[in-house]
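Q: Compute the structure for the input listed below.
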Amino acid sequence: NKNPYLHFLKGRVYLETRYYKLAESEFRIALSLKADPEFAVGLAVAEFLGGEREKALQEIEKAMKLFPDYKRAREVYETMLNQTGNISSK
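A: So this is what the prediction gives:
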């Protein structure tokens, strides 16, 4: 299916049901179909919750650069840093 929103919603369902790898896959597909900050944040959250914290931090940093006006990316980034014990330098 070429509808990015369908893949985003599937990603959200997988995220809520703790199927993090499947969520990552759906968010990646959604992002490949449309550049959207929610899709990028969803991918980073799925990676983070799936235990890939460094990868997630890189992904959320990329999202903040691509979508500088999307405040939720910054909020998620700060939350990730707090949970990993890192200090924000951005």
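
Q: Tell me who's in contact with residue 35.
A: The neighbours of residue 35, taking C-beta atoms under 8 Å, 6 or more residues apart in numbering as the test, are residue 66. For glycine as for every other residue, the C-beta is placed from the backbone atoms N, C-alpha and C.

Q: Can you tell me what sits against stretch 54-70?
A: Contacts to stretch 54-70, defined as C-beta under 8 Å, 6+ apart, come from residues 35, 37, 40-41, 43-45, 47-48, 73-74, 76-77, 80-81, 84, 86, 90.

Q: which among those residues end up buried?
A: Applying a neighbour-count criterion of 16 or more other C-beta atoms under 10 Å, the buried members of the contacts of stretch 54-70 are 37, 40-41, 43-45, 47-48, 73-74, 76-77, 80-81.

Q: Show me which of those is closest to residue 28.
A: Distance to residue 28 across the buried ones among the contacts of stretch 54-70 (C-beta to C-beta) is lowest for residue 43, with 6.2 Å.

Q: Spatially, what comes nearest to that closest one if we skip its sequence neighbours?
A: residue 27 (3.8 Å; C-beta to C-beta, 6 or more residues apart in numbering).

Q: Residue 62 versus that neighbour, what's the distance?
A: Noted for residue 27: a distance of 13 Å to residue 62, by C-beta to C-beta, to the nearest Å.

Q: Compare these two and say which is more crowded by neighbours.
A: Set side by side, residue 27 and residue 62 show unequal neighbour counts under other C-beta atoms under 10 Å, the larger going to residue 27 at 30 against 14.

Q: ok, back up a step: list the buried residues of the helix or strand where the residue nearest to residue 43 lies.
A: With secondary structure defined by DSSP states H and E, residue 27 is part of helix 20-33. For helix 20-33, a neighbour-count test (16+ other C-beta under 10 Å) marks 20, 22-31, 33 as buried.
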